[in-house]
Structures are given as C-alpha cells and as structure tokens.
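J.: sequence? don't have it. structure:
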C-alpha cells in the first residue's frame with residue numbers, strides 16, 4: 001500500500017504529486033484527472049470573492065505530465081460578470097499542460113417553465129451501485145484510477161467495449177490540507193470518459209486523450225460525480241469521447257476529449 005495520503009502536496013510554489021497521481025499508460029506520468037483536479041483548484045483560487053462558479057475548463061495536455069515536482073504560471077483577466085484564467089503547468093522549464101478557465105459570477109433567478117424539458121437523472125444512483133470498474137488489460141497497482149478514486153458502474157458492461165456509465169468520488173484529498181471542491185471533483189472524474197467507454201483493448205492499443213474540455217452549467221451537489229460516456233474511434237488514429245456529467249440530482253454539464261489512438265509496440 002502507498003503511504004501517500006493525498007494526490008498532491010504543496011511546498012511553497014511547488015506542487016509535489018504522489019504515486020496516487022499515476023495514470024494507466026506509464027507509471028512515470030500522471031492521470032489526466034489528477035492534473036485536471038489541480039488545474040481546477042488553481043482556476044478557482046484565482047478569484048478571492050464568493051459567488052464565482054467555474055463554468056468551463058479547457059486543458060491542453062501538451063506532454064505527459066510527470067510524477068515529479070511542478071510549478072505554475074497564472075494570468076487572470078477579470079471582468080464584471082466573467083473572469084478568464086490561463087494556467088501553465090511546468091516540469092522544470094518544460095511546459096507540460098495549459099488550461100483556460102472561464103468563471104462566471106452567479107446571479108440566481110427563477111427559470112420559466114420550458115415545455116417538454118425535464119432534467120434526466122443518471123440511474124441507478126450511487127447508493128444502488130455495487131460493481132467496481134474493471135477494464136480488461138488495464139494495468140493494476142497504486143494509481144489515480146485504482147487507488148485515489150472510488151468508481152461504481154451504473155450502466156453498461158465495462159469488461160466489454162462500448163458506452164458505459166459510472167459514479168466517481170475521490171477516496172483521498174486531491175491536495176493535502178485543502179478541501180476538494182465540487183468543480184475539482186467534476187474535472188477529476190471527467191477525464192475518465194475514454195477509459196470508461198473504451199472501444200479498443202488497452203493491452204493492445206493506446207487511446208490517451210490530448211485534451212479535456214469540461215463545461216459545467218451548475219456546481220455538483222454531494223460527493224459523487226456521474227459519467228455517461230461514449231467513444232467514437234476512427235482508423236485515422238484520432239477519436240473523441242463525449243461524456244455527460246451528473247450528480248445525484250441530475251445533469252451538471254458535459255465533457256469532451258480528443259483521443260490519440262495507437263497500436264502498442266511489440267516488446268520483442
């Protein structure tokens with residue numbers, strides 16, 4: 001078992017990822033959900049007034065984000081109703097990820113009735129799910145997806161290729177000593193869409209995402225984030241995964257990933 005108690009710790013201006021940040025493709029590289037959760041935290045931390053909501057986070061995964069010390073650069077562009085934040089994540093002098101965030105100042109009002117529109121729920125809910133996520137051929141061991149996240153399958157058969165749905169919640173803090181916000185949970189979970197709805201066996205193919213785009217129309221309520229995901233592959237080596245995001249009360253947003261699909265090299 002890992003002795004790590006959080007995915008990241010902070011030392012001054014440096015972020016230290018633990019083994020709990022590891023992804024499925026290379027144990028030296030982070031899962032996109034780990035880096036995504038950190039970037040969501042940095043985006044939310046860029047505004048110090050209450051009432052702002054993270055509405056969009058676009059993450060460019062420029063290089064594999066290493067399980068190694070990271071630093072950041074942040075630019076904030078405020079306006080009356082919106083704040084835009086650009087965050088760069090660096091390993092040494094190497095830019096490994098860049099995020100563009102949009103935060104909107106909330107203003108509550110009563111929506112009129114919209115004929116024919118009802119927010120659908122993801123069913124069954126997390127309290128009624130017991131099956132753990134199992135993807136044949138996915139490496140096992142201490143990692144973000146196996147150790148730092150609790151995952152319960154809601155729909156589909158994740159031992160077979162195709163669309164599926166599941167509920168996700170962090171089992172450890174994403175950042176030592178910091179509360180994991182609703183937006184952090186949503187972004188960290190959203191990066192699992194391509195694995196949840198896999199269409200190529202991971203022991204023979206790579207289908208890592210080069211980006212992650214998350215749009216939230218409201219902040220999730222409760223610990224669990226639901227994903228309903230479908231992957232569209234193409235023989236060109238490019239694919240996309242579309243994910244609808246939920247909490248136990250209904251939809252909260254959408255996410256999309258661009259996939260880089262490759263055959264694994266023969267070790268021989």
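T.: Ah, there it is. Model, not experiment: these values are computed from the prediction.
J.: pLDDT-wise, which helix or strand of the protein ranks last?
T.: strand 205-209 (a mean of 93; mean pLDDT, DSSP states H and E).
J.: The stretch 51-200 of the chain: helices as residue ranges?
T.: Secondary structure of the stretch 51-200 of the chain (DSSP state H, counting those that start in this stretch): helices at 182-190, 193-196.
J.: which residues touch the last one?
T.: Meaning helix 193-196. For helix 193-196, contacts defined as C-beta atoms under 8 Å, 6 or more residues apart in numbering pick out 24, 133, 135, 138, 145, 158, 164-166, 202, 207-209, 227, 229, 231, 239, 241-243, 255, 257, 259. To be clear about C-beta, it is placed using only N, CA and C from the backbone, and glycine gets the same treatment.
J.: Tell me which of these fall in strands.
T.: 164-166, 207-209, 227, 229, 231, 239, 241-243, 255, 257, 259 (DSSP state E).
J.: re earlier: neighbouring strands - and their directions - for the least confident helix or strand of the chain?
T.: strand 250-263 (antiparallel) (DSSP bridges).
J.: Return the distance of the partner strand from the chain's centre.
T.: Distance, stretch centre to chain centre, for strand 250-263: 9 Å (C-alpha atoms, centre = their mean, to the nearest Å).
J.: list the buried ones in it?
T.: 251-259, 261 (16 or more other C-beta atoms under 10 Å).
J.: Pull out the buried members of the contacts of helix 193-196.
T.: In the contacts of helix 193-196, the ones that pass as buried (16+ other C-beta under 10 Å) are 24, 133, 135, 138, 145, 158, 164-166, 202, 207-209, 227, 229, 231, 239, 241-243, 255, 257, 259.
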